[in-house]
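A.B. asks: Give me a 3D structure for the following:
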Amino acid sequence: MTGRPGRTPPRGVRDTVRVFTNRCPRARSTGRTSLAFVVAALLAGCSSPGPVGAAASASPGAGRRPPVMKPVAERVPAPDLSGPTVDGGTVAWPDYRGKVVIVNTWGSWCDPCREEARDLQRAYAEYQGRGVEFLGINTREQGREGGQNFEKEFGVKYPSLHDPDGSLVLKFPKGTITAQAVPNTLVVDRSGRLAGWALHQVGPADLEALIAPLLAESP
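C.D. replies: Now for the predicted structure:
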């Protein structure tokens, strides 16, 4: 944290910079992050591609929290995620009713997204025949070429919505998603309600923690 020698920034400022550098590895790697830089990056739209956007990704860490899971009584309806896909198709959200759905937000420029992509695809292949569907949201990325290349490189077979302006991720209730950073992974129950989420890169254990409890629930 830069500043005048001998002066400690207020706690709120320190917390803001700490959260930002945790999600922006490139900022952390410089060894110095000012509040002015944080504010400028946020105003620029941290999830858009480019030097700033590429840094706005949730970096994995040994101390990351396990996924949040909500009891049935506390679940709220998921937003309608109908729309065009990266590959030129269309998703109709009502078609997913009655299924457990993993929703993952990502960008082709995001390193943690790239690191988790194969784990997501493997989980999709494992759970697809058990009443589980996967749906990606390629968000804040102009054009489809980057997303298409990402899907090809990592062998992603499930559809991803094309969300260049971030309007889809803004539909989610506050606290269930980090709209200005990727990746985020959420799970929707068979009744179309948000049942849990992980606001960081996920691995096989995280995905099992999101999916298994919902498969155990009565249809």
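
A.B. asks: from here on, contacts and neighbour counts on C-alpha atoms
C.D. replies: Fine.

A.B. asks: And the pLDDT at the residue positioned nearest the centre of the chain?
C.D. replies: Geometric centre of the chain, nearest residue: residue 184, 1.8 Å, by Cα atoms, centre = their mean. pLDDT for residue 184: 98.

A.B. asks: doesn't residue 207 make contact with it?
C.D. replies: No. With contact defined as Cα atoms under 8 Å, residue 184 does not count as touching residue 207 (11.8 Å).

A.B. asks: From residue 167, how far off is residue 117?
C.D. replies: 23 Å (Cα to Cα, to the nearest Å).

A.B. asks: out of these two, which sits in the busier spot?
C.D. replies: residue 117 (23 against 12; other Cα atoms under 10 Å).

A.B. asks: Just confirm the more buried one is within a strand.
C.D. replies: No. According to DSSP: H, G, I helix; E, B strand; the rest coil, residue 117 belongs to no strand; its state is helix.

A.B. asks: Now do the same contact list for the spatially closest residue to it that is not a sequence neighbour.
C.D. replies: Spatially, and ignoring its direct neighbours in sequence, residue 117 is nearest to residue 154 (6.4 Å; Cα to Cα, 6 or more residues apart in numbering). Residues counted as contacts of residue 154 (Cα atoms under 8 Å, 6 or more residues apart in numbering) are 114, 117-118.

A.B. asks: quick one, phi/psi of residue 154?
C.D. replies: Main-chain torsions, residue 154, degrees, to the nearest 10: phi -100, psi 10.

A.B. asks: That'll do, ta.
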